[in-house]
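>>> pasting the structure only:
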């Protein structure tokens, strides 16, 4: 009986860890290489990351090329291209060009 309970608890623990790993979002920092604004989204290409950042809710930040940002988001693939759907974004350093 105890072995069955321990087995069930182990399975629940493993499922919980898988769920936690899927929902935890990693914070990353990078420099803006290119930024494009459109009516419903902002697309950002980064210097050290091949994935594009996609922002659907326009933040109150004014971003431009060369700015250093910190962001959190969910990895996604759209039309064969890697992208990150941004949940949070912060400006760390404004480029003074």
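Good, I have the coordinates. Quick caveat, the model's predicted, so the values are computed rather than measured.
>>> Going by C-alpha atoms from here, please, whenever you check contacts or count neighbours.
OK.
>>> middle-most residue in this protein, spatially?
Centroid-nearest residue in the chain, with CA atoms, centre = their mean: residue 73, separated by 2.0 Å.
>>> Distance check, it against residue 51.
11 Å (CA to CA, to the nearest Å).
>>> shared neighbours of those two, which are they?
residue 84 (CA atoms under 8 Å, 6 or more residues apart in numbering).
>>> residues in contact with stretch 28-36?
Here stretch 28-36 makes contact (CA under 8 Å, 6+ apart) with 42-49, 63-72.
>>> ok, now how distant is the nearest residue to residue 77 once chain neighbours are set aside from residue 74?
Distances taken as CA to CA, 6 or more residues apart in numbering put residue 83 closest to residue 77, at 5.8 Å, once the chain neighbours are dropped. As for residue 83, its distance to residue 74 is 8 Å (criterion: CA to CA).
>>> Next, count neighbours for residue 61.
9 (other CA atoms under 10 Å).
>>> What score does it have for pLDDT?
Looking at residue 61, its pLDDT reads 75.
>>> so residue 40 sits right up against residue 56, yeah?
Yes - using CA atoms under 8 Å, residue 40 is in contact with residue 56, at 6.2 Å.
>>> For those two, work out which one has more neighbours and name it.
residue 56 (15 against 9).
>>> Grab the nearest non-local neighbour of that one.
That would be residue 41: by CA to CA, 6+ apart, it lies 4.5 Å from residue 56.
>>> give the contact list for residue 47.
Counting by CA under 8 Å, 6+ apart, the residues that residue 47 touches are 30-33.
>>> please redo it, this time with the cut-off set to 6 Å
31, 33 (CA atoms under 6 Å, 6 or more residues apart in numbering).
>>> what pairs with the helix or strand harbouring the residue nearest to the centre of the chain, and is each one parallel or antiparallel?
Per DSSP states H and E, residue 73 falls inside strand 68-78. Paired with strand 68-78 in the same sheet, following DSSP bridges, are strand 27-37 (antiparallel), strand 81-93 (antiparallel).
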